[in-house]
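J.: model the following, please.
(chains A and B)
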Amino acid sequence: MGHRGVVITAGFDKSESATCLAELFKQNGIPVNGIIVVSPYSVRRIKQYLRKKGLSSITQSIRRLTGFQKNDSGRTTNHINQFRNQHQISIDSLKKWANINHCRIITVTSLNSDQSIHFLENTDPQWLVYSGGGILKQPIIDQMDGRILNAHQGPLPHIRGMNAAEWSILLDKKQEVTIHLIDRGIDTGMIIKRLPYTIDATDNIESIREKAIINGIKGLIEVGSKESLERYDIQENHSDHRQCYILSNAMRELLNAKLEYLKARSVDV
Amino acid sequence: MITKKFEKHLQLSIDWMIKSKHPSGGSSAYHAPLLGWIKPYPETTGYIIPTLIDYHHYAEDPLAFRTAVDFGEWLLSIQSSEGYWLAGQHPPKKQEASVFNTGQILFGLISLYKETNDSKWLTSLDKATEWLCSSIDKNGYWKEGHYRGFNPTYYSRVAWPILLASTVLNIDIYREKAILVLDTLIKKRNSNGSFSSWGFDEHGSAFTHTIAYTLRGFIESSILINDWNSYGAKTEGALQKFYTLSELNNGRLAGEYDEQFSGKNYYSCITGNFQIALCLMKWYEKNNDLRLMNTASKLIEYSVKCQTSKDSILSHKGAIPGSKPLWGRYMTLRYPNWSAKFCADALLLFLKLYKKESGQWDIAES
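T.: Numbering: from 1, shown residues only, chains lettered A, B, ... in the order given. Down below sits the predicted model:
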C-alpha cells in the first residue's frame, strides 16, 4: 500500500509555511489531497485573538494575513524568502496553489467543524499536516486516528506552548524544532524528530523565528513523506513542564537584551 | 522601555497615597466621585507604611518617608490600651476590636522600627502582637474580632506579620502562635488547590483580593520560617491555576472565583490583579521560572491602564479603582487606598526583579 497523500491545515490563505509545505510535498512526489484553511475573519476567532493578544497586535496581524509581513528590520536576511527562492516557490496564496494544482481546498470557521471532519473522511490522507488554524479537538484527532503531524518551535517536553523559539532563549534551552504527533494536550504528543538550529551574530527575534519555521517545514516534509514512523526513534512526551504563553512586552524587552548580550559575547545559543 | 513606563505609574500611585492623607491623620480609605475623600482607615494606613518606605529607598523621596512616619504616629494615637485597633474606618461606628486590622498595622510598625530604630514603634508592636496572640485559642482560631463572624483563611495574612513581629521582638511564643494559626488554616486547602473560606463570606465565591491575601500569607510565612513545604508548596496549585487564567485572558483575571475556580467575568478586581501578580513574583523568586514574571507583567500592564492619568471631578491623578469597570462588584465606584498600595508594591517588586534579571544581559555593565 503506497502513501495516501497529505492534507495541510492553515490559519489563513497567505500562510507562507503552508504554501511551502504544499509545494514541497508536490516536489517530493507526495500527493496533497487537500487543504483546510481556517477563516481568520470569523467573529469567534477575532474575539479569541483580541482576548489573547490584545488590541495593539491587530495591525501586525492584518499585515500578516494580507501577506505584507516581512522581516523589515533591514538588518538581517529574510530566511523564508531565501528558502522559497532556493526551492523555486513563488506562489503566495493557498487558493491559487490549489487552483493551479487541481487540489481540493475548503475554508472553514474552525478546524474542529463537521465540515473539516467530512473533508478528511473524503480525502482520507496518510497524514494531516498541521500548519496553523487553532487548537485541534478530540473529534478531528479521532478522525485521523492520531496521524497528525506538527512542527513545534521549541524543544519538547521542556518548552510547550506559544512563542517557543523565544522562550527557549529566555529559559536557556536548546534552539530546536520538534516534530511530534498531535494529541489531546498542548504539545504533548509523541516526539518523532528533533531539528536543532543555531543563532548567529546577524540574527534577531524575527530571523530566529524564520529559521525555526524553515526547520519545521523541512521536518514535516521529511516525516510526512513517509508512510509510517517505523524508522524513527519515537520518544514519550508529557505535560509536566509549565505551558508557555505569548511574551509580555517586558519579557520581549528582556529577550532582546539577552539576545544582544549572547551575540556580543559570541556565546553559543 | 517598560521600566520607565512602570516607574511613572509607581510615582503616580505614591503621590496619590500621599495625597490620601486625611486632615485628622491616617490615609483616607478611598476616594469616590461625589463623596470625595472619606475617613481614614487604620488597617490600610498600617500596610501602606512599608510601601512608602520601600519607595523612599527606591527613589529617595523624603515626602514619602515623612508621610509614612505621620501615618505611624496617627496609628499610635488611636491604639487601644489593650493593644488592638478597632474595626473599620476611624472613628468607627462600633467599638469592636479587629484581628485583621490589628495584624495589618503590624507591618507598618515593623517597617518604622526597622527604619528609625525608635523604641516607640517596638512598644506598640509588642502590645499589639501580645493582644493578637493572647486571643488565639488552642485550635488556632480567634474567638472574636472578625469581620463577618468567622475565621477566614486569609488570616494567613495575620499569621505572617505575627511571624515578622516574633523575629523583630525575638519572642518565640509569638512564632509558635502564628504556626498554630497557619497549621489550622492550611487544612482548608481543597484537593484542586483552592481554599475554603478565603473570602469575606464563609461560603461561596471570593474576590481575588482576599484570595491573594490568603496565598500571600502562606507564601511569606513559609519564606520566613524557611520551610516551603508546609505552606508555600500548598499554594502552588492555586498559583498555577491563576497563572493559566491570567495568561489565557492576557493579564485580566475575573473579579471573583468560587472554589472550583469558576470566575465572575463581567468585572476584574484590579487590586486583586496586582496582589496575584505579587504572589506569582514571590513564586518566581523561589523557582526562577521567568514564565511567572511574564504573567505578573501582563497582570500589571492590564491593571495600570486603569490608573487615572489626570485630575478630574471624578478622581485624582494616580487613583486606581477597585474594579474594572468602575461599577464592578468590588469597591464599586471607588478608588481605595489599598489599590494604589498593591499597585505600588507590585511595581516595586517587578522593577527590582526585572532589573536584576536584565542586569545579567546588560552589555554595558558586564
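
J.: any regions of chain A where pLDDT drops low?
T.: By pLDDT under 70, the low-scoring segments of chain A are A:1, A:42-76, A:267-269.

J.: chain B contacts on that one?
T.: Residues of chain A lying near chain B by Cβ under 8 Å from any Cβ of the partner chain: A:51-54, A:167, A:170-171, A:242-251, A:253-254, A:257-258, A:260-262, A:264. C-beta here means a position set from N, CA and C on the backbone, and glycine is covered the same way.

J.: mind listing the helices for chain A?
T.: Taking DSSP state H as the test, the helices found in chain A are A:16-27, A:43-53, A:58-65, A:79-86, A:94-100, A:114-123, A:138-143, A:164-170, A:205-224, A:249-264.

J.: what does the first one rub up against?
T.: Contacting residues not belonging to helix A:16-27 are listed as A:6, A:8-10, A:31-32, A:35, A:80, A:83-84, A:87, A:89, A:91-94, A:97-98, A:101, A:103, A:129, A:131-132, A:213, A:216-217, A:220-221, A:224-225 [Cβ atoms under 8 Å, 6 or more residues apart in numbering or on different chains].

J.: now, of the residues you listed, which are buried?
T.: A:6, A:8-10, A:31-32, A:35, A:80, A:83-84, A:89, A:91, A:94, A:97-98, A:103, A:129, A:131-132, A:213, A:216-217, A:220-221, A:224-225 (16 or more other Cβ atoms under 10 Å in any protein chain shown).

J.: quick one, helices of the stretch 51-200 of chain B?
T.: Remark: helices assigned in the stretch 51-200 of chain B by DSSP state H, counting those that start in this stretch are B:62-77, B:99-116, B:119-134, B:156-169, B:172-186.

J.: pipe the ones you listed into JSON lines and attach distance to B:Ser194 and mean pLDDT per row.
T.: Conversion of those to JSON lines gives the following (distance: least, Cβ to Cβ, whole Å; pLDDT from 0 to 100):
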{"stretch": "helix B:62-77", "distance to B:Ser194": "34", "mean pLDDT": "98"}
{"stretch": "helix B:99-116", "distance to B:Ser194": "20", "mean pLDDT": "98"}
{"stretch": "helix B:119-134", "distance to B:Ser194": "27", "mean pLDDT": "98"}
{"stretch": "helix B:156-169", "distance to B:Ser194": "14", "mean pLDDT": "98"}
{"stretch": "helix B:172-186", "distance to B:Ser194": "13", "mean pLDDT": "98"}
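
J.: can you redo the ones you listed as CSV with mean neighbour count?
T.: Formatted as CSV, these follow (neighbours: other Cβ atoms under 10 Å in any protein chain shown):
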stretch, mean neighbour count
helix B:62-77, 19
helix B:99-116, 23
helix B:119-134, 19
helix B:156-169, 24
helix B:172-186, 20
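
J.: of all these, which lies closest to B:Thr295?
T.: For these, the distance to B:Thr295 is smallest for helix B:156-169, at 21.5 Å, taking Cβ to Cβ.

J.: which strands and helices lie in contact with the lengthiest helix in chain B?
T.: Taking DSSP H as the criterion, chain B has its longest helix at helix B:337-359. Judged by 3 or more Cβ pairs under 8 Å, 6 or more residues apart in numbering or on different chains; DSSP states H and E, helix B:337-359 is in contact with helix A:249-264, helix B:2-19, helix B:42-59, helix B:270-287, helix B:290-304.

J.: mind putting these into TSV with mean neighbour count and distance to A:Asp124?
T.: Below are the helices and strands packed on helix B:337-359 laid out as TSV (neighbours: other Cβ atoms under 10 Å in any protein chain shown; distance: least, Cβ to Cβ, whole Å):
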stretch	mean neighbour count	distance to A:Asp124
helix A:249-264	18	43
helix B:2-19	20	51
helix B:42-59	24	64
helix B:270-287	25	47
helix B:290-304	26	40
